[in-house]
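J.: let's see this in three dimensions:
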Amino acid sequence: MNDELEIQKVLEKWAYNTRIGAQDNIVDNHSGSIVVYDVLPSMKYEGAKAYRDSWDEWQPQTKGKKRFDLHE
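T.: The predicted model follows:
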């Protein structure tokens, strides 16, 4: 499988875990030392644990007519 397809697969898995509220699985493919810039405060998370812990403070609305998804 080529690199682009592998990356797409990882992103789709992350989006799926986000949609179903599987907080414990959102960092499955994140390095422990990753730095994540997100759209919500604190906006910068240093380390997969800090990013995962932030999901306990908020959960995207994933039910109803709208759907969390990735485009391009």
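
J.: can you give me the buried ones in stretch 46-55?
T.: Neighbour-count burial for stretch 46-55, counted by 16 or more other C-beta atoms under 10 Å, picks out Gly47, Ala48, Tyr51, Arg52, Ser54, Trp55. For every residue, glycine as well, the C-beta is placed using N, CA and C.

J.: what's in contact with that stretch?
T.: 23-24, 26-27, 30-36, 38, 40, 42, 45 (C-beta atoms under 8 Å, 6 or more residues apart in numbering).

J.: report the buried members of these.
T.: When the contacts of stretch 46-55 are checked for burial by 16+ other C-beta under 10 Å, the buried set is Ile26, Val27, His30, Val36, Tyr45.

J.: would you map the strands across the chain?
T.: Assigned by DSSP state E, the strands in the chain fall at 35-37, 44-46.

J.: closest to Thr18 among the buried residues of stretch 46-55?
T.: The shortest approach to Thr18 among the buried residues of stretch 46-55 belongs to Trp55, at 8.9 Å (C-beta to C-beta).

J.: and the gap between that closest one and Val39?
T.: Relative to Val39, Trp55 is positioned 13 Å away (C-beta to C-beta, to the nearest Å).

J.: cool, and Asn17?
T.: As for Asn17, its distance to Val39 is 17 Å (criterion: C-beta to C-beta).

J.: show me the shaky parts of this protein.
T.: Within the chain, the segments meeting pLDDT under 70 span 1, 59-66, 68.

J.: buried residues in the lengthiest helix in it, which are they?
T.: The single longest helix within the chain, with elements called by DSSP state H, is helix 3-20. For helix 3-20, a neighbour-count test (16+ other C-beta under 10 Å) marks Trp14, Asn17, Thr18 as buried.

J.: wait, the last one sits on Ile26?
T.: Yes - taking C-beta atoms under 8 Å as the contact criterion, Thr18 and Ile26 are neighbours in contact, 6.4 Å apart.

J.: quick check: closest non-adjacent residue to His30.
T.: Once flanking residues are discounted, His30 sits nearest to Ala48: 4.2 Å by C-beta to C-beta, 6 or more residues apart in numbering.
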